[in-house]
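In: okay, predicted coordinates and the sequence, questions at the end:
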Amino acid sequence: MSTTEAQSPAPVPVRRGEPLLRLEGIKKYFPITRGIIFQKRIGNVHAVDGVDLEIFPGETLGLVGETGCGKSTLARVVVRLHEASEGTITFEGRDITHLKGQDLRELRRDVQMVFQDPYASLNPRQTIGTIIGSPFRLHKTIQHGQIKGEVQQLMELVGLNPEHYNRFPHEFSGGQRQRIGVARALALRPKLIVCDEPVSALDVSIQAQILNLLDDLQRELNLTYLFIAHDLSVVKHVSDRVAVMYLGKIVETAEGQDLYRSPRHPYTGALLSAVPIADPFLAKQKRRIILEGDVPSPIDPPSGCRFHPRCPQTQALAKQQDLKDEYGSPLRFVPRCHDEEPILSDQGPGHTAACHFPIDTRIIPVDIDPKERGAPA
Amino acid sequence: MPEPLLEVEDLSVSFPTEDGLVKAVDHVSLSVTAGETLGVVGESGSGKSVTFLTVMGLTNRKAAIIEGKVLFQGVNLLDLPNDELQEFRGKKIGMVFQDPMTSLHPFYKVGDQIAETILAHQGISKKQAADQAVDMLRRVGIPKPAERAKQYPHEFSGGMRQRAMIAMALSLNPELLIADEPTTALDVTVQAQILELISRLKKEFNAAVVIITHDLGVVAEYCDDIQVMYAGKIVEQGFADDIYHRSEHPYTWGLLRSIPRVDVELDRLEPIRGLPPSLIHVPSGCSFHPRCPYAFERCIHEVPELLPTDGHHFTACHLPMGERQRIFSDEVEVHR
């Protein structure tokens, strides 16, 4: 059965020169052990299970998925806070998978991270000046006497008042703290910034301010972002390309517009259908796919396509073909989804999806006349 | 017009602190009728949670200065002593709190925690209460409820804990369910499940529901009425359609424009400039004027009243009505 899959052409790469960052077959397993003295490995959490991705200079790659799909682990592997179990990470053509010591330290100048929780990622006992200035002190890129001036410039860049140099994190609101986190990440003029859910802890109005700030900085400083979030509307807004992750694997990648207009993987479809729309009329028009249950455990992921136990598409197909198992009771999936793992295959220019039976329905009504929308439902 | 279930009349709540008086809620009036869903929207610190904590009698009466009336089926809850209030709390009004990680006790089994609520209000045996708890878990869609009831909160995922919280809030069949940011900590898929669940249970139990949220996007589908709060005051209220399609308050416009949308292509978001005000030093006049792009002289000096614009739709803004409608259709609607 797999022959048809193998014959299909490889995904057409969108040419944008050399990728800044390339991930090949990245896996990250966390061991589960038993026993206190003689620890025995009894299993693995397959947090990231074979991810290939490319990020080109100057673009924003959005990575979406539910809690527990491995997106944060992948982020930490990219910035080398976790060591990859398998696979290679190439940054600017150089293999950085196993860098150590001085080399790793130099890499950190180019790759920085903005963390999710602005309350937990700043040391409450240090002043803002110390926090934003610490990259300079660690890397000694500038002379000690220049640090203060440099930090105040950074503060101005991210929209903080430079006079607040000596204040402590508790004196700032959530949005301002996230600006501090951004300033710290920018200090060494990195090329790639990994943003791990940078706005999910913030109010919508403040969220918009931070998203605009990230956008401005990208243009001004020619930054490349890996932007991770669970909120599809946020990801769509900031990203040039979007990758959807499910249980440690990428299931679909596409240009932002394309993904939202014609999702191919049923999981992407379900995610899209769950996004709230700030318009009562449109929200009622939307096709809604409610997924059953939670994401399965990454300790023992389902066989074949990992999404098949929750997949509305395979359920519908099995019902349509009236498939029965060996005992004669109706099957809830097509056997192929259970037996054979789908690989990422071409679904149009720059669009790949890992699915045996891709969907071609529109989830969200996109082009409805705004006048019609205002009409009372 | 059916009799409202909950009526809040001119409620003000303030907390004296060392730095001054914090005016958390400032002359708020609202009403909810059975079978109806009310959405209360505002940023952090707009007083939306305090309003409903006061309705539940959960603000410390010694620490807070409370004025006004909270009428539930005609009884003023603010006059009741704590033990009589207990008759309403839980039994007639259920509340789901924001953070499912911290609002369940980590040392007790989930089933026992739900049974405890039932036992506190109904004279039935422990066995019966435990059975009811399992039944509630089943009704909120938790698979294998009998096994799950014997587990501890840490064995539940975020969405399941939130379901357990809803099961607890609904276990006594309340007439009013207050959900304070019920989905903020959750994934979009789980968020959709929880909101569907609340609206299904609302029909099943014929309850009234209040959803408190900071995200206008979340409630569009589920609310009949929406109230927008800013700095302790209601600045706009109306049917959901009024708020999304005919909004007349600059703050609501700001909220609508800050939401990234999947269905519309936006070049740039337009956030509300500045930060929410301190509730100790609330700006003079219209409290939104320092952040409002349309503010003029009058806004600095005079507090705008909440006035009807048409029938059910109320707005507190000094801008002339025609001007507001023009700005909304020219500058807000086109961005969405």
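Out: Alright, I've got the coordinates. Every value quoted in this text rests on a predicted model; they were computed, and no experiment measured them.

In: how many neighbours does the closest residue to B:Leu119 other than its chain neighbours have?
Out: Distances taken as C-beta to C-beta, 6 or more residues apart in numbering or on different chains put B:Ala129 closest to B:Leu119, at 4.8 Å, once the chain neighbours are dropped. Where C-beta positions appear, they are placed from N, C-alpha and C, glycine not excepted. Using other C-beta atoms under 10 Å in any protein chain shown, B:Ala129 has 21 other residues around it.

In: roughly how far does B:Ala129 sit from B:Tyr152?
Out: With distances taken as C-beta to C-beta, to the nearest Å, B:Ala129 is found 18 Å from B:Tyr152.

In: for the residue nearest to B:Leu119, what are its contacts?
Out: B:115-116, B:118-119, B:122 (C-beta atoms under 8 Å, 6 or more residues apart in numbering or on different chains).

In: ditto for A:Ile289
Out: Taking C-beta under 8 Å, 6+ apart as the definition of contact, the neighbours of A:Ile289 are A:266, A:269-270, A:273-274, A:312, A:363.

In: and stretch B:321-329 with chain A, contact?
Out: No. Contact between stretch B:321-329 and chain A, assessed by C-beta under 8 Å from any C-beta of the partner chain, is absent, since the two come no nearer than 8.9 Å.

In: before we move on, the earlier item: and the residue nearest to B:Leu119, which helix or strand is it part of?
Out: Assigned by DSSP states H and E, B:Ala129 falls within helix B:126-139.

In: next: A:Val234.
Out: Assignment of secondary structure by DSSP H and E places A:Val234 within helix A:232-238.

In: for that helix, packing partners?
Out: With contacts defined as 3 or more C-beta pairs under 8 Å, 6 or more residues apart in numbering or on different chains; DSSP states H and E, the secondary structure elements packing on helix A:232-238 are strand A:60-64, helix A:204-221, strand A:224-229, helix A:256-261.

In: partner strands of the shortest one and their direction?
Out: Spelled out, that is strand A:60-64. Paired with strand A:60-64 in the same sheet, following DSSP bridges, are strand A:224-229 (parallel), strand A:241-246 (parallel).

In: compute the inter-axis angle for it and helix A:204-221.
Out: Taking axes from the mean of the first three to the mean of the last three C-alpha atoms, to 10 degrees, one finds strand A:60-64 and helix A:204-221 inclined to each other by 140 degrees.

In: tell me which helix or strand comes right after strand A:60-64.
Out: Scanning the chain past strand A:60-64 towards its C-terminal end, the next helix or strand to appear is helix A:71-78 (assignment: DSSP H and E).

In: in the longest helix along chain B, what counts as buried?
Out: Criterion DSSP state H: the longest helix present in chain B is helix B:188-205. Neighbour counts over helix B:188-205 (16 or more other C-beta atoms under 10 Å in any protein chain shown) mark B:188-199, B:201-202, B:205 as buried.

In: same thing with stretch A:17-26?
Out: Within stretch A:17-26, the residues scored as buried using 16+ other C-beta under 10 Å are A:19-24, A:26.

In: can you check stretch A:40-58 too?
Out: So, applying 16+ other C-beta under 10 Å, buried residues of stretch A:40-58: A:44-58.

In: nearest to chain B among the residues you listed?
Out: When these are compared for distance to chain B, the smallest value, 15.0 Å, is given by A:Val45; criterion: C-beta to the nearest C-beta.

In: just to check, the closest one is in contact with A:Asp300?
Out: No. Look at A:Val45 against A:Asp300 with C-beta atoms under 8 Å: they stay out of range, at 9.8 Å.

In: and the closest residue to chain A within the stretch 51-200 of chain B, what's its pLDDT?
Out: Distance from chain A to each residue of the stretch 51-200 of chain B (C-beta to the nearest C-beta) is smallest for B:Ala192, at 3.9 Å. If you check B:Ala192, the pLDDT there is 83.

In: residue contacts, it?
Out: B:Ala192 is in contact with A:273-274, A:276, A:288, A:290, counting by C-beta under 8 Å, 6+ apart.

In: let's see it at 7 Å
Out: Residues touching B:Ala192, when contacts are defined by C-beta atoms under 7 Å, 6 or more residues apart in numbering or on different chains, comprise A:274, A:290.

In: the longest helix of chain B to helix B:126-139, inter-axis angle?
Out: For helix B:188-205 against helix B:126-139, the angle between stretch directions is 120 degrees (the same axes, to 10 degrees).
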